[in-house]
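Q: Fold the stuff below for me.
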Amino acid sequence: MNYLIKIIFFLIIIIPNIILANENKIIFKVNDKIYSAIDFQNRIKFLKTINSLNIDSVNEKDLIYDYFSSAVFYERAQNSKYLINILNKETIKIYEELVSKNQISNVLSEDIVKHNIKHDLARKIVLEDILNNYQ
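A: Numbers count the residues shown, from 1 in each chain. Next up, the predicted model:
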């Protein structure tokens, strides 16, 4: 009987922890900020919801690279008060547009949507800022 209890304990406690550890592995770091597999899955859900794209046909490495580059630009925008103010204002504006058009599914929370909008906008804003400084 004790042996059976130990096996059940192992199955209930240990196995789910191993599964969760694999689901939340670190994909990459930018400025000591960790981006995990869960963040990446949320990114994919966001892209599927907002763009209505068939993400399944896109190579996973390309999606990771896209997420990484957006994170790099986001970190760059974080270093500028001017850029972060623009980023925050535009994020709210775009989020409200998406809500009014019913483009956001119930699968995604407001925080996840805003987080991904900020990452995509940061890439646009930083590149525009760089190009404007060269003119």
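
Q: all contacts plus neighbour counts: C-alpha atoms, from now on.
A: Noted.

Q: Please work out the average pLDDT along the longest helix belonging to the chain.
A: Residue-count comparison of every helix in the chain, with assignments taken from DSSP state H, identifies helix 110-134 as the longest. For helix 110-134, mean pLDDT rounds to 89.

Q: And that helix, what does it pack against?
A: The elements that helix 110-134 packs onto, with contact taken as 3 or more Cα pairs under 8 Å, 6 or more residues apart in numbering; DSSP states H and E, are helix 37-51, helix 60-78, helix 81-100.

Q: What pLDDT does the model give the spatially most central residue of the chain?
A: The centroid of the chain falls nearest to Arg43 when counting by Cα atoms, centre = their mean (4.1 Å). Confidence at Arg43, expressed as pLDDT, is 90.

Q: which non-adjacent residue is nearest it?
A: When the adjacent residues along the chain are set aside, Arg43 lies closest to Asn116, with 6.7 Å between them (Cα to Cα, 6 or more residues apart in numbering).

Q: pretty sure that neighbour is in contact with Lys45, am I right?
A: No. Between Asn116 and Lys45 no contact is recorded; they are 10.2 Å apart, counting by Cα atoms under 8 Å.

Q: just for the chain, where's the confidence low?
A: Residue ranges of the chain with pLDDT under 70: 1-23, 52-54, 105, 135.

Q: returning to that earlier point: any idea how far the residue nearest to Arg43 lies from Leu108?
A: Here Asn116 is placed at a distance of 11 Å from Leu108 (Cα to Cα, to the nearest Å).

Q: do the same with Asn24
A: Here the criterion is Cα to Cα. By it, Asn24 lies 18 Å from Leu108.

Q: neighbouring contacts of stretch 68-88?
A: Outside of stretch 68-88, the residues that reach it under the criterion Cα atoms under 8 Å, 6 or more residues apart in numbering are Phe28, Val30, Asn31, Lys118, His119, Asp120, Leu121, Ala122, Arg123, Ile125, Val126.

Q: do that again at 6 Å, thanks
A: His119, Asp120, Ala122, Arg123 (Cα atoms under 6 Å, 6 or more residues apart in numbering).

Q: hmm, which of the residues you listed are the buried ones?
A: Burial by neighbour count, 16 or more other Cα atoms under 10 Å: within those this picks out His119, Asp120, Ala122, Arg123.
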